[in-house]
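Colleague: 3D model of this:
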Amino acid sequence: MLQPIVINELLNLIRYGRTDNSYKMIWARAIVDLASDDPERESMSLIEIAEKVFSYYWNIHIFFDPDGRTLKQGNNSLKPPVLLQLVIQSIQTYKKTVRSAYKPIFYEKVDDSWKSQYGVDINSIVAVLNKDVRHRFLNSSHKQCTIYDYQNNNEKLIFEDSVCKQISDYKDILHEAILFRWTQILEDINRTTPRIASKLKIKQEELRKRKSLKRFIPILELENPEKNCSICKKQINQSDLSVDHLIPWSFLYSDDIWNLSLTHKSCNSSKNNIPPKEADITAQHQRNLRLYKVMSNNSFQAKVFKDLQYANSENLLRKMFQIYR
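Modeller: Here you go, the predicted model:
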């Protein structure tokens with residue numbers, strides 16, 4: 001049986017939509033859950049969606065990361081997504097108000113009187129969804145999808161006849177796609193994970209696309225202006241300049257400045273996927289400290305600088321080396 005067009009559109013947005021945090025996945029999950037609760041509906045209020053979104057973040061973090069320090073939901077390591085900040089604040093309030101009676105609990109089981117007195121202002125969640133998610137979710141690389149109408153009502157999403165019924169009929173497929181994609185996003189954001197989900201997904205003919213590393217060369221040259229090879233230690237001619245992953249890319253599935261260095265093309269090729277040695281990790285760690293200092297002196301504000309700052313503070317290089325080893 002062929003899947004309805006709306007299901008294919010929704011699956012494409014889940015699988016391929018651009019993400020730098022998990023907002024789109026919690027949004028998609030809320031739509032699927034609300035449609036499943038009432039397949040005949042033709043609209044969803046943003047308040048309904050906001051309540052679902054809040055509960056998803058609550059249920060994840062109150063059991064595993066109530067302070068929001070471990071499981072990151074966005075790319076900016078120094079500034080968590082606003083929705084997550086609101087949820088973490090509410091969890092902290094809950095811990096303080098129940099005190100000795102505190103224990104992790106699903107949001108659906110939290111006493112309604114506590115929610116009304118201390119719970120997060122749901123309108124704050126709605127405001128973020130309105131500003132950052134509602135319209136962006138429908139953007140794909142090829143076209144603007146039309147699963148719902150949001151332009152003619154600021155308080156609701158409007159669905160055409162039978163759309164929610166179709167979503168409900170395919171809820172199991174959609175849930176699996178959402179949770180798998182969410183897992184991939186979290187693995188990309190939380191750098192100490194070896195990206196198991198992404199590796200399970202690949203096929204022999206569809207390896208994960210690698211981007212050019214040339215954009216990192218000017219940054220690496222700030223600390224290494226002589227262009228000395230990190231492998232053989234000799235100077236590199238511009239025509240023979242390459243960028244190497246100390247811990248192999250095939251393990252990290254990521255291009256991180258703290259794991260990159262300048263090398264000869266020939267040295268890079270001959271290295272292949274040989275694991276680094278302890279001395280290599282120590283040298284790279286010292287290099288990262290020097291690079292951070294140089295970038296600080298040059299007033300860097302780009303994401304790559306924040307990533308390096310976070311990697312140094314969390315000692316990501318050594319953590320990933322220990323996992324790889």
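
Colleague: quick one, phi psi at H135?
Modeller: When read as degrees, to the nearest 10, the backbone of H135 gives phi -90, psi -30.

Colleague: If we ignore the residues flanking it in sequence, what's nearest it?
Modeller: Setting aside the residues directly before and after it, H135 is nearest to Y150 in space (CB to CB, 6 or more residues apart in numbering), at 6.2 Å. C-beta here means a position set from N, CA and C on the backbone, and glycine is covered the same way.

Colleague: just checking, E40 touches I167?
Modeller: No: here E40 lies out of contact with I167, judged by CB atoms under 8 Å, at a distance of 11.8 Å.

Colleague: and these two? which has more neighbours close in?
Modeller: I167 (24 against 10; other CB atoms under 10 Å).

Colleague: can you list the weak-confidence ranges in this structure?
Modeller: Within the chain, the ranges that satisfy pLDDT under 70 run 1-3, 141-144, 191-209, 299-301, 325.

Colleague: what residues go with each domain of it?
Modeller: 5-190, 214-324 (automatic domain parsing).

Colleague: rewinding a little: residues touching the residue nearest to H135, list them.
Modeller: Contact analysis of Y150 by CB atoms under 8 Å, 6 or more residues apart in numbering lists 134-135, 138, 157-158.

Colleague: So which residues of the stretch 201-325 of the chain form helices?
Modeller: 217-223, 249-252, 265-271, 278-297, 303-314, 316-324 (DSSP state H, counting those that start in this stretch).

Colleague: At which residues are the helices of the stretch 1-150 of the chain located?
Modeller: In the stretch 1-150 of the chain, the helices defined using DSSP H, counting those that start in this stretch lie at 5-16, 23-37, 46-64, 82-98, 112-118, 122-128.

Colleague: could those helices go into CSV alongside mean neighbour count and distance to F180?
Modeller: What follows is the helices of the stretch 1-150 of the chain, written out as CSV (neighbours: other CB atoms under 10 Å; distance: least, CB to CB, whole Å):
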stretch, mean neighbour count, distance to F180
helix 5-16, 17, 9
helix 23-37, 22, 10
helix 46-64, 20, 16
helix 82-98, 18, 21
helix 112-118, 11, 31
helix 122-128, 17, 25
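
Colleague: T282: which of those is closest?
Modeller: Ranking those by proximity to T282 (CB to CB) places helix 46-64 first, at 32.2 Å.

Colleague: quick revisit: could you pull up phi and psi at the residue nearest to H135?
Modeller: phi -120, psi -10.

Colleague: got it, and the one 4 residues further on?
Modeller: Listed backbone geometry of N154 is phi -80, psi -10, with angles given as degrees, to the nearest 10.

Colleague: Many thanks, I have nothing further to ask.
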